[in-house]
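Q: Give the three-dimensional model of this entry:
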Amino acid sequence: MNGELLRVWSRTWQEVWLPFAKSSKTPEDLFSEFVRNLASPPQPPTSPPAPPSGAFDASGELIDAAAIQARVEYEGAMTRYSHYRDRYETALNSEKAAREFFRTLLTEISSETEAVIFLESAHNALVTYGDDSLNDRFRALIKRFIVGFSLRYEVREPFSLHITIPGVFSKLIAEIRRISSADDHLRNLYDDFEEAFSDLRLNRTQARMKTCLQKQFNLLEALGRNCPNVTATTLGAICDQLDWPHARLKEVGKDLYRFGSDYPGLRHGGTPANALRNLEMKDFISVSLMLASFTPYLTNGLDSDHCYSA
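A: Have a look, this model is predicted:
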């Protein structure tokens with residue numbers, strides 16, 4: 001799952017906007033209407049306050065450095081405002097100009113949140129036409145785009161983008177990768193885990209499953225040791241030094257550590273008598289996901305809100 005809409009945002013012109021515009025049912029003023037609803041109306045800059053009398057020399061020339069700088073900045077802002085106003089007003093009255101203006105708007109999107117808001121606002125602009133078939137076609141193109149690029153969203157009626165559960169996990173792993181990449185030790189452990197995970201494709205043996213879980217335990221332990229006020233070195237002891245909303249949740253983390261330490265050949269020799277059977281793929285998936293779900297507690301600098309929000 002690619003996840004991020006922003007990473008493929010430049011493809012929306014070819015995959016969404018052009019096909020939508022080429023439909024025989026598309027209004028002739030489509031891009032002008034988009035500009036009207038999506039672009040910020042031109043706003044003149046605020047003029048700087050009048051310089052005090054002491055800012056001028058005997059001949060009346062402005063000599064105060066701060067006042068001169070304020071004037072220069074204001075004149076530059078006025079030039080930009082005039083240019084933008086001309087382009088904006090032309091776009092409202094010329095579909096050709098509006099198309100180019102719209103493409104500029106696309107390039108100005110710089111965050112995931114902005115991209116989501118842009119799409120939802122575009123749909124709101126289409127609603128003003130009162131044509132359900134127009135809305136349906138736009139919704140279908142966005143859904144196809146999401147599926148085609150494996151994005152972490154789903155479209156809900158009438159039109160809003162919502163992050164999926166797989167999308168949250170995708171972003172969580174991306175955050176762990178980002179944080180690990182900033183530290184040589186963590187990066188090596190993350191690479192070991194990722195390689196062991198990839199090796200399962202070749203042969204899902206018990207030995208490979210144990211190796212992958214071992215690498216995941218190692219990574220979590222190393223991440224946990226970087227948390228504030230943590231002095232412990234093992235996952236179980238680290239859990240005792242972290243902030244939890246409930247004692248039972250902490251015990252789940254410690255029980256995962258006990259399982260990893262006690263199951264034969266997983267992290268240590270273990271206790272053979274305590275193993276009820278050999279590991280199966282369902283065990284691997286379950287334990288690996290449980291370990292992943294604990295990473296927000298064990299990863300200093302991980303933005304959990306960012307994992308969910310756009």
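
Q: quick check, distance from whichever strand or helix holds residue 162 to the centre of its chain.
A: For residue 162, the element it lies in under DSSP states H and E is strand 160-163. Distance of strand 160-163 from the chain centroid (Cα atoms, centre = their mean, to the nearest Å) equals 13 Å.

Q: Can you give the contact residues for the following helix or strand past that strand?
A: Sequence-wise, the next helix or strand downstream of strand 160-163 (DSSP H and E) is helix 165-181. Residues outside helix 165-181 that contact it (Cβ atoms under 8 Å, 6 or more residues apart in numbering) are 1, 3, 151-153, 163, 186-187, 189-190, 219, 223, 292, 295-296, 299-303, 306-308. Yep, even glycine has a C-beta here, placed from its N, CA and C like the rest.

Q: If any of these are buried, put those into a PyMOL selection.
A: Per 16 or more other Cβ atoms under 10 Å, the buried members of the contacts of helix 165-181 correspond to this PyMOL selection:
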select buried, resi 3+151+152+153+163+186+189+190+219+223+295+299+302+307
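
Q: Any idea how many residues pack against residue 133?
A: Using other Cβ atoms under 10 Å, residue 133 has 10 neighbouring residues.

Q: hmm, I was thinking of residue 23
A: 14.

Q: and the gap between the closest residue to it other than its chain neighbours and residue 237?
A: Counting by Cβ to Cβ, 6 or more residues apart in numbering, residue 23 lies nearest to residue 137, which is 6.2 Å off, once chain neighbours are set aside. As judged by Cβ to Cβ, to the nearest Å, residue 137 and residue 237 stand 58 Å apart.

Q: how about residue 275, what does it touch?
A: Residues near residue 275 by Cβ under 8 Å, 6+ apart: 263, 264.

Q: now residue 138
A: 20, 122, 123, 126, 159.

Q: State the distance from the second one to residue 35.
A: The reference is to residue 122. The gap separating residue 122 from residue 35 is 11 Å, by Cβ to Cβ.

Q: Neighbour count: these two, which is higher?
A: Neighbour count, other Cβ under 10 Å: between residue 122 and residue 35, residue 35 has more, with 24 against 21.

Q: What sits closest to the more buried one if chain neighbours are left out?
A: residue 91 (4.6 Å).

Q: Sticking with the one you found, tell me its helix or strand.
A: With DSSP H and E as the criterion, residue 91 is inside helix 65-93.

Q: Chain neighbours aside, what residue packs nearest to residue 48?
A: The spatial neighbour of residue 48 that comes closest, neighbours along the chain excluded (Cβ to Cβ, 6+ apart), is residue 70 at 3.9 Å.

Q: Can you get me a residue count around the one you found?
A: Around residue 70 sit 16 other residues, with neighbours defined as other Cβ under 10 Å.

Q: Per-residue pLDDT of it, please?
A: On the pLDDT scale, residue 70 is placed at 90.

Q: circling back: narrow the contacts of helix 165-181 to those in helices?
A: Counting by DSSP state H, the part of these found in helices is 186, 187, 189, 190, 219, 223, 292, 295, 296, 306, 307, 308.

Q: Just give me the closest of those to residue 116.
A: When the ones in helices among the contacts of helix 165-181 are compared for distance to residue 116 (Cβ to Cβ), residue 308 wins out at 12.6 Å.

Q: Next one: the closest one from residue 293, what distance?
A: Residue 308 is 14 Å from residue 293, where distance means Cβ to Cβ.

Q: Check residue 278 too.
A: For residue 278 relative to residue 293 (Cβ to Cβ), the value is 24 Å.
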